[in-house]
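[1] Need a 3D model of the following:
(2 chains, ligands or ions: 1)
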Amino acid sequence: MACVFRYDKTFEGLLTCVFHAYNRRQFPERLLDLQEPAGLFDDEVLEVLTDEALAGRVWQGVARLVRGEFMRGITSCWLSELPGVDELLFRYLRKLFDTKGRSVYNLADADVLACSQLWKKVSNECTRVIQFTRFQKTADGIYFSALAPIYNVYPLALHYFTDRFADQPWLVYDARRSYGYYYDGKGEVQEVRFAETIEPHLPKEKLAEGEELYQQLWQSYFKTIAIKERLNPRLHRQQLPARFWAYLTEKSPKFS
Amino acid sequence: MTDEVLKKLQVLAESAKYDVSCASSGTSRSHRVGAVGSAAGWGICHSFAEDGRCISLLKIMLTNYCKYDCAYCINRVSNDIPRATLSVRELVELTMEFYRRNYIEGLFLSSGVVRSPDYTMERLVRVAKDLREVHHFNGYIHLKSIPGASRELVNEAGRYADRLSVNIEIPNETSLKLLAPDKDFQQVFTPMRYIQQGVLQQAEERKHFRHAPRFAPAGQSTQMIIGATPDTDRDVLRLSSALYRRPTMKRVYYSGYIHVNTYDTRLPAMRQAPLVRENRLYQADWLLRFYEFKVDEIVDDAMPNLDLEIDPKLAWALRHPEYFPVDVNRADYEQLLRVPGIGVKSAKMILVSRRFAPLSSEQLKKMGVVMKKARYFITCRELPFRTIQELSPAFVRHQLTRTKKTDERQLILTFED
Ligand code: SF4
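    Sure, this is the predicted structure:
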């Protein structure tokens, strides 16, 4: 008999679904949004109420079976926000529990392989955010940067910023998802959202004194350092994808 | 900071750019209270220049004035080029401000030789010392040790830098003397030895005192210019492999010679840097460090130079058909590594995945095995392919080289370590 679960499409919700599936020994064919209508042949529909405590138990269960990096892999996949990723992760988690964790190494399994490839893609994007963040110092002393990553990777990249820029206030902003993190320069991180759209480069009047000179210094360093006997535009584009250019100080048309 | 610094930065970056060792890897250090920054261990590239090279560090010279006259260098004393010198303060400020904006991982500093090696070295060390002690800079510092600098200064440099390097430049002493009359191997190998002693001694001290001062925790590196002299790839690779046997040598960089001083007749007139050769050398270097190859397996008396048409691992496989086919479901790690088209990552994936069920070619492909190449050298669950045994090396070579030429420069390994 085919059954489907409905839940709120949060990560905790997904883990709660896993809990109920094992508890009832009933594994859903589909995971639907709370609003989504069930299909014609779905005989049984279960509404799952997200429960932090149950989700926590499932997550601890995962922690007992696999190394931490795989847990990061699971959250990374989730943050891809791709349609259907919840069903993929559900199958992945089920295999994980059924094999006592051994399945995560079985890359010959289509779901395990799909997760591992997605994990790789998301962590590549996370790396790019770490690489290509360019802070502009604002008049009020905050280092500001915006990017538009294809996956929701700022939560994964956050530890890099808090570690490296621990003694300066900064704000990193996801322009695609319209939210960001503000750090006060002392240890507190806080999620922020702005109503207005954020431009990649701040206007002159918002910048700290001397900021434009540093941008100019960086841009001219960037131009000078390329060896013209070896120019390789194809490789350049491959490594520095064009979708980031609008946000990069060195690629901004400002000073040229 | 003024506009004048902008001019200096351009001149000095221009002068420093031919030095290839940009990697900032080898040290992992997280934030400390009261300090600025961290070192990421895996060498973050913050940007990529238009030549496709990784920009990780602010690569710059303290000054491009130089009293020496090395034939292959744009900064040689006989060249009429714009010269500039940054003050220690300017350089420190540039580094800190770039770092705070996430432009860079740290600083890679070198210098032309002014007055004496020690005079120059002392100023390099001062930059590093100011960064660490005045500005509590916790990011990456790579200092290029000046050939001929004293042990005291090299030791002091090691206290502040993550990595030190001394460039060999020319893989053979006779050629070196011809092209760089002021230099000899002694001046290069002596500081290398100081660095090694410093690192090893410090490691020993750390065993007893956890807080013993650090010494170039990312070891040392060096660079050779390729194509400026008639030295063969075998000469180059033998030297590299001898260097890698030293416990602190982390990377040897190869820099395709760029004909910057066209008037100097001691140098070959080359229109284009030997990029393919440089790339093949990096691949061979890779085989030495991660694939357990020996130099003699890659190049020998009969073939002292690398095959430019195919990569060195494939070249080895074609010379050794008796080794193949390898059964991916049985072979051990070393055997898998020898298969063209299987890399370190896919070899490891094969080992963990085949415990569940024998692997098929479809699965191998998904794990990143380049089947176009590997098919001639393996057997797997179903593989009906004909291998090098039935097809002959010449045929396989023909198959793998006749496809449309890809741009070799795509393969350049930019920042792995
Ligand atoms: S000593 Fe260094 S900077 Fe001076 S000419 Fe020789 S290679 Fe160039």
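[2] excluding its backbone neighbours, what's nearest B:Arg83?
    Of all residues not flanking B:Arg83 in the chain, B:Tyr65 sits nearest, at 5.1 Å (Cβ to Cβ, 6 or more residues apart in numbering or on different chains). Any C-beta I mention is one placed from the backbone N, CA and C, and that applies to glycine too.
[3] Three-state assignment for the one you found, please.
    coil (DSSP: H, G, I helix; E, B strand; the rest coil).
[4] ok, now which ones touch it?
    Counting by Cβ atoms under 8 Å, 6 or more residues apart in numbering or on different chains, B:Tyr65 makes contact with B:75, B:83, B:85, B:112, B:114.
[5] so where's chain A shaky on pLDDT?
    Applying pLDDT under 70 to chain A flags the ranges A:1, A:40, A:42, A:255-256.
[6] Strands of that one, residue ranges please.
    Per DSSP state E, chain A carries strands over the ranges A:3-7, A:30-33, A:44-47, A:136-137, A:143-147, A:170-174, A:179-183, A:189-192.
[7] Tabulate those (a markdown table), appending mean neighbour count and distance to chain B.
    Below are those laid out as a markdown table (neighbours: other Cβ atoms under 10 Å in any protein chain shown; distance: least, Cβ to the nearest Cβ, whole Å):
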| stretch | mean neighbour count | distance to chain B |
| --- | --- | --- |
| strand A:3-7 | 21 | 29 |
| strand A:30-33 | 18 | 25 |
| strand A:44-47 | 13 | 32 |
| strand A:136-137 | 22 | 7 |
| strand A:143-147 | 23 | 7 |
| strand A:170-174 | 22 | 9 |
| strand A:179-183 | 18 | 12 |
| strand A:189-192 | 12 | 14 |
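[8] Could I get the ones you listed in TSV, plus columns for distance to the ligand?
    Output for the strands of chain A, formatted as TSV (distance: least, Cβ to the nearest ligand atom, whole Å):
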stretch	distance to the ligand
strand A:3-7	66
strand A:30-33	64
strand A:44-47	73
strand A:136-137	35
strand A:143-147	36
strand A:170-174	38
strand A:179-183	42
strand A:189-192	46
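[9] for the ones you listed, which one sits closest to B:Gln363?
    Proximity to B:Gln363 (Cβ to Cβ) singles out strand A:30-33 among the strands of chain A, at 27.1 Å.
[10] B:Tyr257: which of the strands of chain A is closest?
    Nearest of those (Cβ to Cβ): strand A:143-147, 38.5 Å.
[11] neighbouring contacts of that closest one?
    For strand A:143-147, contacts defined as Cβ under 8 Å, 6+ apart pick out A:129, A:132-138, A:165, A:168-175, A:180, A:198-200, A:202, A:244, A:247, B:100-102.
[12] Please apply the same query to stretch B:324-332.
    With contact meaning Cβ under 8 Å, 6+ apart, stretch B:324-332 is reached by B:317, B:335-336, B:338-339, B:342, B:350, B:354, B:358-359, B:364, B:376-381, B:387-389.
[13] nearest to A:His236, of the strands of chain A?
    Across those, closest to A:His236 is strand A:143-147 (Cβ to Cβ), at 18.7 Å.
[14] of all the strands of chain A, which lies closest to B:His31?
    Among these, strand A:179-183 comes nearest to B:His31, with 12.4 Å by Cβ to Cβ.
[15] For the residue in the stretch 51-200 of chain A positioned nearest to the ligand, give its distance to A:Asp109.
    Closest approach between the stretch 51-200 of chain A and the ligand, counting by Cβ to the nearest ligand atom: A:Gln131, at 30.4 Å. As judged by Cβ to Cβ, to the nearest Å, A:Gln131 and A:Asp109 stand 32 Å apart.
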